[in-house]
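K.L.:
quick one: sequence plus predicted model below, questions after.
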Amino acid sequence: MKNKYQNKSEENDVKKEINKQMTDYMEAYTDLWAFSGSIAAVKNGEVIFEQSYGYANVEHKVPNTSNTKFRLYSISKQFTAVVILMLEERGLLKVEDCVRKYFPDWVELDERITIHQLLTHTSGLANYSEDKEFVKLHSQNTLTKRDDIVNCVNTRALDSEPEAKWKYCNTGYFVLELLIEKLSETSYPKFMEENIFEPLGMMDSGVYNDFHLIENKASGYYLDYYEIIPCEYVNMNIISACGGLYSTVLDLLKWDTALKSEQLLTKNSIEKMNTNYENNYGYGVVVNTVDNKQLINHDGGYRGFLTVINRHLDDDFAIVVLSNYGFTNVGRVCSDLAKIALEKAYEMPSKPAEFAMSQEMIESFVGFYDDDSDVPLVVTQTADGLNLVFAGMFNFPIYPISENTFHQKWIDEQYTFDRDEDGSLSFLSWKKRINKK
């Protein structure tokens, strides 16, 4: 029979081997593909991996570290959901309550909409972040008034009947922010600081404020052809509760621990948060089952940042990947590193070989593609090869790896085009037009 010292030694050996494999994976990955950000993972209460790559600020060559603060964007939603459940535990609301109960002056808001529907994206509210005119007017305006957003919420027609279908909706979480402030009689940032960040020791986390200096924060970057470019300004003040938080990888591991140990919520509330209500969505989190085990996760991303947190509850394992490259494949990095930590089969990073394609075939992909979203896709050709141009702004260089599939030259992502019997091409929902009108 092994004594406790032998068992501990074997556990340390396993932990060292996992750390080595994760380190080797990321070295291979960053040799092949562009990645900038921080990664941390915890298993059975111990941090088993913690590394950073690239620059928090490319212009000044400031390296990313575990203390670098990244914009979380939609990962923020789970924090807002936890606060709503905290208020419910304090007897200040019930998630089944109708929103109009708390905002009686919103006379044009459908009285059937409930707090639960806001949390689960089933309210039917129009998503204000999809309103092009609203985004154009307010996303780069530091003086945006909340009344403008409230008016947008209160007066726009519903996209669907409440509870009729699931549709991702930032508007719902904006309303939840107003509800939190009304019931707590304090601002959303202050409530978060006093009830979440300070109690958990998440001292490098907060709600983004354009008028406050934030030390050690990362700048966001994107790709255009073969150049890293800075992303344009975003007014974070209009997306606080749905995407306005910042944090570090280590602080987010504390967040994982808090939700497992019931530091913030009772077991009943945590189970309510992690229930799959519709479209694999709970309260601010995505709820999945992988190999008969529960995976709770969410990602976030916008203009220069891509983030993901995966919490494998049954394996007592969590991993966080935060990137300030808004074009990298953080999902694959997170998934592969989790496989290593959970001792599952995985493949080392590799680069697909280029497929020999005739010039005529290459030119057949060049052209203008559109769909009902008014967000065009254009395939262009330069001396260096083909490029995908999204929304008329960013150019992704690609190369062929099969007759209809191309691979990004900078990141481990591929794009497959469909070709009909008549030869017409489409990519996802975009269909190629012969002539752009």
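P.N.:
Noted; the coordinates are in hand. If you're wondering where the values come from, they're calculated on a predicted model, not measured in any experiment.
K.L.:
C-alpha from now on. contacts and neighbour counts both.
P.N.:
Noted.
K.L.:
how about the helices in this protein?
P.N.:
4-32, 76-89, 115-120, 132-138, 146-155, 170-184, 188-192, 198-200, 240-243, 249-260, 267-273, 330-341, 359-365 (DSSP state H).
K.L.:
now for the first one, which elements pack on it?
P.N.:
Read that as helix 4-32. Packing partners of helix 4-32 (3 or more C-alpha pairs under 8 Å, 6 or more residues apart in numbering; DSSP states H and E): strand 46-53, helix 330-341.
K.L.:
quick one, that helix and strand 46-53 angle?
P.N.:
20 degrees (axes from the mean of the first three to the mean of the last three C-alpha atoms, to 10 degrees).
K.L.:
related to what we said a few turns ago, ok, which of the helices and strands packed on helix 4-32 comes nearest residue 104?
P.N.:
Residue 104 sits nearest to helix 330-341 of all the helices and strands packed on helix 4-32, at 41.9 Å, using C-alpha to C-alpha.
K.L.:
how far does the closest one sit from its chain's centre?
P.N.:
15 Å (C-alpha atoms, centre = their mean, to the nearest Å).
K.L.:
so where's the chain uncertain?
P.N.:
By pLDDT under 70, the low-scoring segments of the chain are 1-8, 133-145, 373, 434-437.
K.L.:
spatially central residue for it, please.
P.N.:
residue 300 (1.4 Å; C-alpha atoms, centre = their mean).
K.L.:
wait, that residue touches residue 75, no?
P.N.:
Yes: counting by C-alpha atoms under 8 Å, residue 75 is a contact partner of residue 300 at 5.5 Å.
K.L.:
intersection of neighbour lists for those two?
P.N.:
Listed as contacting both residue 300 and residue 75 by C-alpha atoms under 8 Å, 6 or more residues apart in numbering are 243, 307-308.
K.L.:
before we move on, the earlier item: and the helices and strands packed on helix 4-32: which comes nearest residue 249?
P.N.:
Of all the helices and strands packed on helix 4-32, strand 46-53 comes closest under C-alpha to C-alpha, at 8.4 Å.
K.L.:
elements contacting that closest one?
P.N.:
Against strand 46-53 (3+ C-alpha pairs under 8 Å, 6+ apart) you get helix 4-32, strand 37-43.
K.L.:
run the angle between the first one and helix 330-341 for me.
P.N.:
Orientation of helix 4-32 against helix 330-341 (the same axes, to 10 degrees) gives an angle of 150 degrees.
K.L.:
and the angle for helix 4-32 with strand 37-43?
P.N.:
Computed by the same axes, to 10 degrees, the angle between helix 4-32 and strand 37-43 is 160 degrees.
K.L.:
check which residues of helix 4-32 are buried.
P.N.:
15, 18-19, 21-23, 25-26, 29, 32 (16 or more other C-alpha atoms under 10 Å).
K.L.:
return the member of these nearest to residue 390.
P.N.:
Nearest to residue 390 among those: residue 32, at 23.2 Å, using C-alpha to C-alpha.
K.L.:
does that closest one touch residue 408 like I think?
P.N.:
No: in this structure, residue 32 is not within contact of residue 408 by C-alpha under 8 Å, at 11.5 Å.
K.L.:
so where's the longest strand in the chain?
P.N.:
strand 293-302 (DSSP state E).
K.L.:
run through who's touching it.
P.N.:
The contact list for strand 293-302 (C-alpha under 8 Å, 6+ apart) reads 72-75, 243, 274, 284-289, 306-314, 326.
K.L.:
what do you get for stretch 308-318?
P.N.:
41-45, 75, 253, 256, 293-300, 319-322, 330-331, 334, 342.
K.L.:
residue 132: neighbour count?
P.N.:
9 (other C-alpha atoms under 10 Å).
K.L.:
sorry, that was for residue 211
P.N.:
8.
K.L.:
kindly report the same for residue 185.
P.N.:
10.
K.L.:
which ones are touching it?
P.N.:
Counted by C-alpha under 8 Å, 6+ apart, residue 185 has zero contacts.
K.L.:
now it: how far from residue 28?
P.N.:
Residue 185 is 51 Å from residue 28, where distance means C-alpha to C-alpha, to the nearest Å.
K.L.:
before we move on, what about residue 256?
P.N.:
For residue 256, the distance to residue 28 - C-alpha to C-alpha - is 28 Å.
K.L.:
one more: residue 281?
P.N.:
34 Å.
K.L.:
please apply the same query to residue 164.
P.N.:
Remark: distance between residue 164 and residue 28 (C-alpha to C-alpha) = 46 Å.
K.L.:
my guess is residue 85 contacts residue 266, does it?
P.N.:
No: here residue 85 does not reach residue 266: they are 9.4 Å apart, not a contact under C-alpha under 8 Å.
K.L.:
who's more crowded, the two?
P.N.:
Neighbour count, other C-alpha under 10 Å: between residue 85 and residue 266, residue 85 has more, with 23 against 15.
K.L.:
break the chain down into its domains, please.
P.N.:
Domain assignment for the chain by automatic domain parsing gives 70-341, 359-433.
K.L.:
and the last one, end to end?
P.N.:
Start-to-end span of domain 359-433 (C-alpha to C-alpha) is 20 Å.
K.L.:
now it: how far from the chain's centre is it?
P.N.:
25 Å.
K.L.:
count of residues packed around the closest residue to residue 54 other than its chain neighbours?
P.N.:
Leaving aside its sequence neighbours, residue 54 sits nearest to residue 36 (C-alpha to C-alpha, 6 or more residues apart in numbering; 4.4 Å). Counted with other C-alpha under 10 Å, the neighbours of residue 36 add up to 25.
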